[in-house]
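Novice: fold the following and give me the result.
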Amino acid sequence: MADDDPVLLSVDAGIATVTLNRPERLNAWTGGLEARYFELLDQCAVDPDVRVIVVTGAGKGFCAGADMDMLQGLGATEGGEAARREATAPRRHQWHTTTIPKPVIAAINGACAGIGLCQALLCDVRFAATGAKFTTAFARRGLIAEHGMSWSLPRLVGPSRALDLLLSGRVFLAEEAATMGVVSAAVPAAELLDHVYAYAHDMATNCSPSSMAVMKRQVWQAMSEDVVAATETSYPLMAASLRADDFREGVQSFVQKRPPHFAPLA
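Specialist: Numbers count the residues shown, from 1 in each chain. As a prediction, this is how the structure comes out:
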């Protein structure tokens, strides 16, 4: 994989690191970056050596939103139609990340805005470096809450806070993001990746990949269900888990006071 690829991938000890790699543009989102990002997530999904995925950004930013050159092309009166056709061409849905059957953890190392924030919210867990700047930005660009943020953000912070962040487009820091629930914790920048890798390593070592895949699917599916439907769905899934090898291994490893040896996803 070339260093100039828009997204990089490395795998170590069960953890895949997916790095948005346009540091000179604060990893601003482009069609090429998007296609490569989802391609690598799909690659991780079927790789038995990958149990947890960490997403971060190269350099000082996580993702500062859509590339401004692309946005200017979309708004141009001359030549803008070609750019608009390209931007609206068929592509994977932005919520594709939620279909990956492995935990996806965002390590937000810097600026996180617009579509970059959309993607961070669609990761399963988020941690951020203290001082990292967040903004929805859409209202200040004459846009709307795109790519499902009107769905994801209120579910994390409630409708009033979501409307505050969407309508104002104001900048807020990682510390406030943690207080609101946008991220799980704000961590000193120098410690962010160590913190995230320790969290990911614990998952990769001690948690059943099969259990994590089913629970991830349950949670995202239940977001559009009521409590009765979600509970009913859980019964056959629980019955299946009680018959699975991972359940027996989980119990035996606990009784024998040893690390579990869970099989990778089939």
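Novice: run through the stretch 1-150 of the chain and note the low-pLDDT ranges.
Specialist: Along the stretch 1-150 of the chain, the model assigns pLDDT under 70 to residues 1-2, 70-90.
Novice: and if we set it to 90?
Specialist: Within the stretch 1-150 of the chain, the stretches with pLDDT under 90 are 1-4, 67-94, 141, 144, 146-148.
Novice: can you pull out the helices in it?
Specialist: For the stretch 1-150 of the chain, the helices defined by DSSP state H, counting those that start in this stretch occupy 31-46, 68-75, 80-87, 115-121, 149-157.
Novice: skipping adjacent residues, who's closest to residue 112 in space?
Specialist: residue 62 (4.5 Å; CB to CB, 6 or more residues apart in numbering). To be clear about C-beta, it is placed using only N, CA and C from the backbone, and glycine gets the same treatment.
Novice: which of the helices of the stretch 1-150 of the chain is buried the deepest?
Specialist: helix 115-121 (a mean of 25; mean count of other CB atoms under 10 Å).
Novice: in TSV: the helices of the stretch 1-150 of the chain, plus distance to residue 163.
Specialist: Formatted as TSV, the helices of the stretch 1-150 of the chain follow (distance: least, CB to CB, whole Å):
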stretch	distance to residue 163
helix 31-46	27
helix 68-75	24
helix 80-87	26
helix 115-121	15
helix 149-157	8
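Novice: residue 91 contacts residue 37, doesn't it?
Specialist: No - applying CB atoms under 8 Å as the test, residue 91 and residue 37 come out as separate, 11.3 Å apart.
Novice: show me what counts as buried in stretch 45-56.
Specialist: For stretch 45-56, burial by neighbour count (16 or more other CB atoms under 10 Å) applies to 45, 47, 50, 51, 52, 53, 54, 55, 56.
Novice: is the last one in a bridge, and if so with what?
Specialist: Read it as residue 56. Going by DSSP bridges, residue 56 is paired in beta bridges with residue 19.
Novice: show me the strands in the stretch 101-250 of the chain, by range?
Specialist: 104-108, 111-113, 125-129, 133-135, 172-173, 185-187 (DSSP state E, counting those that start in this stretch).
Novice: of all these, which lies closest to residue 16?
Specialist: Nearest to residue 16 among the strands of the stretch 101-250 of the chain is strand 104-108 (9.4 Å), distances taken as CB to CB.
Novice: remind me what the closest one packs against, helices and strands.
Specialist: Packing partners of strand 104-108 (3 or more CB pairs under 8 Å, 6 or more residues apart in numbering; DSSP states H and E): strand 52-57, helix 115-121, strand 125-129, helix 192-206.
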